[in-house]
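*Asks:* Just need the structure, nothing else, for what follows:
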Amino acid sequence: MEQKKIDRINFLARKKKAEGLTEEETQEQAILRKEYVAAFRASLESQLASIRIVEPDGTKHKLGKRHENTDS
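*Replies:* Residues are numbered from 1 along each chain as shown. So this is what the prediction gives:
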């Protein structure tokens, strides 16, 4: 996410505490927060996908998802 957008999120958060936001600013804040969370999750998933577990016998395997849906 661009630093410009992060700065805008922080500005809106400070303004909300100080004086409140207009309806347009509240909507903008919600959109920016969703975008930020999506970017954060994508980055975290990418990092987790690169993790390998090394077993005592030397074998390696990927770190799997903890809560995979197996009820299909």
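*Asks:* Residue for residue, what is the longest helix this structure has?
*Replies:* helix 23-49 (DSSP state H).
*Asks:* and Gly20, how many residues sit next to it?
*Replies:* Residues lying near Gly20 (other C-beta atoms under 10 Å) number 9. For glycine as for every other residue, the C-beta is placed from the backbone atoms N, C-alpha and C.
*Asks:* so it, which of the three states?
*Replies:* At Gly20, secondary structure determined by DSSP: H, G, I helix; E, B strand; the rest coil is coil.
*Asks:* Angles on the backbone of it, please.
*Replies:* phi 90, psi 170 (degrees, to the nearest 10).
*Asks:* what are the phi and psi values for the residue lying farthest from the centre of the chain?
*Replies:* Going by C-alpha atoms, centre = their mean, the residue of the chain most distant from its centre is Asp57, 34.9 Å out. Note on Asp57: its backbone torsions stand at phi -80, psi 0 [degrees, to the nearest 10].
*Asks:* Please name every helix or strand in contact with the very next helix or strand once past the longest helix of the chain.
*Replies:* Using DSSP states H and E, the helix or strand that directly follows helix 23-49 along the chain is strand 52-54. If contacts are counted by 3 or more C-beta pairs under 8 Å, 6 or more residues apart in numbering; DSSP states H and E, strand 52-54 sits against strand 60-62.
*Asks:* what packs against the strand it packs on?
*Replies:* strand 52-54.
*Asks:* Indicate each strand paired with the strand it packs on and its parallel or antiparallel sense.
*Replies:* According to DSSP bridges, strand 52-54 forms sheet pairs with strand 60-62 (antiparallel).
*Asks:* Fine by me, we can end here.
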